[in-house]
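Next one to model:
(chains A and B)
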Amino acid sequence: MTGRQHGVKSLLWLIVGALSVVTVARFMNGLGATTNLNDASPWGLWIAFDVMAGVALAAGGFVLAATVHIFHIENYRCFVRPAILTALLGYTAVAVGLLYDLGLPWHIWHPLVFPQPHSVLFEVAMCVMLYLTVLFLEFSPVILEHPKLNNPLLIKLHKLITRVSIPLVIAGVVLSTLHQSSLGSLFLITPYRLHPLWYSPIIWVMFFVSAVGLGLLTVILESFFSAWLFGHKLHMNLLGGLGKAAAVVLAGYGLLRIGEVALRGELPAAFDGSFEGNTFLIEIAMSAVLPAVLFSMHRVRANPYALGWTALIGVLGIIGYRFDVCLVAFRRPMGVSYFPSWMELVVTLGIVAGATLVFIWFVEHLRVYPEEHSQAEADPASKPSSPAFATQGLGWILPESLAAPRRYSLAALVGSSLAIFFLPSDAIFGTEPMAVPVQESRSVEGVVRERGDAFGHELFVPDAEALTDPAASPSDRVAILTVIDGNRDGRLVLFDHENHETELDEADSCVLCHHENIPFQENSQCFSCHRDMYSTTDIFDHFGHVAHFDGNPGCVRCHESDGLPKTRENSKACEECHEDMLVEGTRVELPAEGQTGLAVGYMQAMHGLCITCHEERVEEQPEKYAARFAECNTCHREDNGSALRRLLPYLAKPAASESTIDLTAQADLITNRR
Amino acid sequence: MKSPKAILNDTTLCTGCEKCVAACKEVNDLGPDVSRRWKMRIDDLSSTRYTSIERRTGDHNVRKFCRHCVEPACVSACLVGALQKTEEGPVVYDSDRCMGCRYCMNACPYGIPRYDWEEAVPLVRKCTMCYERITHGELPACVEACPYEATIFGDRDELLEIAHQRIKDNPGKYLDRVVGETEVGGTSVLYISDIPLDFLAYQPNLGDTPLPERTWAALSRVPTLVVGMTGLMAGMYWITNRRNQLAEEASGSEDEES
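You can find the predicted model right below:
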């Protein structure tokens, strides 16, 4: 075995090693922990590449099988076995990729028992299942002909499969035609989301034709790969023939795409300089124009470099078509985007690497390539003289002195270690809600107006002139209002602190809401403990206490009980030391008796306090407070985006130094959302 | 057959009090909303919130939730029939069938279905029009909770009549259109409004063609395609085989002659 083969295999094992780690994370902690998928992008890299592009890349199997077995163009027979093997492994990779992508992969067999024939995806699923079976049967003679398998039953089976080989090939062609095109039909139901340059009532024709082209190109590339790796001979005249066929197919595909877009009158959109327009132009150039033009030139077809590179451009272009339909040209709401996480990339690469390793194993152990190839390998003199592949190996990746199994184990170990090192905490421990730190409330000069309809007051921030105009309304009172908007999302509440004091018995009223004080403080503000907008947070300062009690000897000051784990529950209650921390007569009910140190989310705290009190008022004094007094829109009033913008001139800077919030940008952001 | 039920929203009556949201959360046991990367403030709908109020400039409040289309794209997209259109009107979800392919999420023109991305066993989440409750003769939780009758429940035909009547009785108050009467083949959630409600969908003009018709146009060709391709391939096989045979015979006889 050459150093190059060692190097390639080590690299592949490295990726597979990383894949194993990501696999555990994916199935332990779910899609949210490992992917960048979101509610507006439910399909990502795994569908676009592993499924959409994977199926198309494996199209070489049915194209070559049809060419040789049905059209009897015998010259190409040497490509059939590798093409079928590539297809078999490709479709297996698709199925494996799906297992990662499906939310409930253990239900993957459900289409068999709960068929829903109106779904395009049902048709795709059935075809892929059946075609995978057909491919296995088509490839099985390669295994069965192995001299060690001389069991009479197996020989009989071999004969039987050989006898039905033509119906199998026909079934393969029919099934492929169906699902290659149906992968495009999947998007017929998303006319409002797919950009008009890609959405077409005959998108299924585009998918089929481009898949045939891609199948031919993949066979070319694969020949180059095995020539590079195994030293197999390059049949330049045959590859040139495939290139010629690809030129015809891709020219047809290009004309069809452009013509169809033009007929629908959408062609101007390609030249409007927009992101989608430019993407379309690049995609068409790579998938159709360049390969069709280059492959039609004899010079290109005769030159191994030119042939290989052209095939690569075409392959990337048609994969690009699948990506554009699935991801790039697929509409999402404003501000939502998708770019795969590195773990998604590792899964995609890892599956390809695994399939490649199996491919190499098959080539090494079975007669995938016809006789002349293996002879070529044995006899260095007849090795391909293609200069591109004559030199440098990849042996340097790992020392060649190591025995093969050890090298590959080491490579996989390095891969998995790297993956573990880079795993984000969500992928290890499960997804945690995002932290939304609460920001200090601000204050604004506003107007309190009596409504006179048993509704209480109306708070608002008038325009600058109206604030100084006393004639606006005689009952108006100018007051400093607190702006409660902990997460600065524009859904602000104006709070009349002064009025609440008056209504709730002046000085004694503070404790009703300010129920707990940070040490050395009085009437601590809400945000100083309720630090996260939505989630419960730990507000206990363990480091501070450790320092205060002189490190380790101080543990027992709080963790008093011997033998019990040193947890929050087994420790001294806070108020045992901090007597004045909790205040008497507060309206706030603390959930756990005797233990604090946990603060519920800011929103929950505010709602719990405000709404309960308002509801009580409505119940106890219905003559004074109408039912609306206890409803959300009593406090959450007005259109928030414009309210915030109108507030801008009046907003007093918060006292804390963290006054770096760009209010203008925020207001714009909020307005843009509308 | 039971007459299909529907919900009519009058956005001019909605004050945005969000009692419907609270009731929905309670009935469906959805728990508190927390901030998640994948929510990205699209419209506040999420796996923990089946209905939300979209606040538009000028104190307009529009409730967004599943439209329960008459011919739902999600139902036709689902390959295992986990989503079903019931004869009572609601589109309901059966998690025992779902495989988690999320095609329904792509197919919905309103972008309604949401996913439990944080779960290792994730499900699709969306409003079910309180199917359990309405089959027991109760009102959907949101409708029951609404203090202003801004969202009402009833037979679809009757609600359409009420909607048209309201538009007729209050000239100039509403836009002359019952949203959901015909678009994408009609929906079981209807709106009358004084502002255009285009923002509820991915595109302003959805048209009246039901989405499943678009895929069925391609799917119904499958039998023809199967027969045609099989015939074509078998024919090609026979023709090329025969041609080769003839060529061989010809060369064979030539050999004999020489």
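
the helices in the stretch 1-150 of chain B, which residues?
B:19-27, B:73-77, B:103-107, B:131-135, B:141-145 (DSSP state H, counting those that start in this stretch).

Quick check: which of the ones you listed is nearest to chain A?
Counting by Cβ to the nearest Cβ, chain A lies closest to helix B:103-107 out of those; the figure is 4.0 Å. (C-beta placed from N, C-alpha, C; glycine too.)

How about the residues of the stretch 451-600 of chain A by chain B?
Within the stretch 451-600 of chain A, the positions near chain B by Cβ under 8 Å from any Cβ of the partner chain are A:Asp489, A:Met533, A:Tyr534, A:Ser535.

Skipping adjacent residues, who's closest to the second one in space?
With sequence-adjacent residues excluded and distances taken as Cβ to Cβ, 6 or more residues apart in numbering or on different chains, A:Met533 is closest to A:Val436, at 3.8 Å.

what about stretch A:524-540, how long is it end to end?
End-to-end distance for stretch A:524-540: 15 Å, by Cα to Cα, to the nearest Å.

Show the average pLDDT along that stretch.
Averaged over stretch A:524-540, pLDDT sits at 87.

same thing with stretch A:41-54?
Across stretch A:41-54, the average pLDDT comes to 95.

ok, back up a step: which ones are touching the residue nearest to A:Met533?
A:Asn487, A:Asp532, A:Met533, A:Tyr534, A:Ser535, B:Ser35 (Cβ atoms under 8 Å, 6 or more residues apart in numbering or on different chains).

quick one: which two of those residues are the most distant?
Farthest pair in the contacts of A:Val436 (Cβ to Cβ) is A:Asn487 and A:Ser535. Separation: 11.8 Å.

low-confidence ranges in the chain?
Using chain A here. Applying pLDDT under 70 to chain A flags the ranges A:1, A:371-403, A:451-456, A:462-474, A:490, A:506-507, A:591-595, A:637-674.

Can you look at chain B instead?
Under the criterion of pLDDT under 70, the regions of chain B flagged as low confidence span B:1-2, B:40-42, B:253-258.

Any idea which residue of it lies closest to chain A?
Evaluated by Cβ to the nearest Cβ, chain B has B:Gly100 as its residue closest to chain A, separated by 2.3 Å.

so that residue makes contact with A:Pro105?
Yes: using Cβ atoms under 8 Å, B:Gly100 is in contact with A:Pro105, at 7.4 Å.

Which single residue in chain A comes nearest to chain B?
As assessed by Cβ to the nearest Cβ, chain B sits closest to A:Gly103 within chain A, at 2.3 Å.

How far off centre is stretch A:101-121?
Averaged C-alpha coordinates place stretch A:101-121 at 21 Å from its chain's average position (Cα atoms, centre = their mean, to the nearest Å).

Go through that stretch and flag the buried ones.
A:101-104, A:107-108, A:110-111, A:114, A:116, A:118-121 (16 or more other Cβ atoms under 10 Å in any protein chain shown).

farthest pair in the residues you listed?
Most distant of the buried residues of stretch A:101-121, by Cβ to Cβ, are A:Asp101 and A:His118, 22.5 Å apart.

so who does residue 64 touch?
As the question left the chain open, I've gone with chain A. So A:Leu64 contacts A:Tyr76, A:Phe79, A:Val80, A:Ala83, A:Ile84, A:Gly215, A:Val219 (Cβ under 8 Å, 6+ apart).

hm, I was asking about chain B
For B:Lys64, the contact set (Cβ under 8 Å, 6+ apart) comprises B:Asp43, B:Leu45, B:Thr51, B:Ser52, B:Ile53, B:Glu54, B:Tyr110, B:Leu200.

Repeat that for A:Ser296.
Counting by Cβ under 8 Å, 6+ apart, A:Ser296 touches A:Lys244, A:Ala247, A:Ala251.

could you dump the residues you listed to TSV with secondary structure and distance to A:Glu589?
Formatted as TSV, those follow (DSSP: H, G, I helix; E, B strand; the rest coil; distance: Cβ to Cβ, whole Å):
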residue	secondary structure	distance to A:Glu589
A:Lys244	helix	81
A:Ala247	helix	77
A:Ala251	helix	76
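
From the residues you listed, list the buried ones, please.
Among those, those classed as buried by 16+ other Cβ under 10 Å are A:Ala247, A:Ala251.

Against B:Leu13, how distant is A:Gly597?
Distance, A:Gly597 to B:Leu13, by Cβ to Cβ, to the nearest Å: 45 Å.

quick one on the thing from earlier: compare the residues of the stretch 451-600 of chain A next to chain B and tell me which is most surrounded.
A:Met533 (25 neighbours; other Cβ atoms under 10 Å in any protein chain shown).

residues touching that one, list them.
Going by Cβ under 8 Å, 6+ apart, A:Met533 touches A:Val436, A:Pro437, A:Val438, A:Gly486, A:Asn487, A:Gly601, A:Tyr602, A:Met603, B:Ser35.
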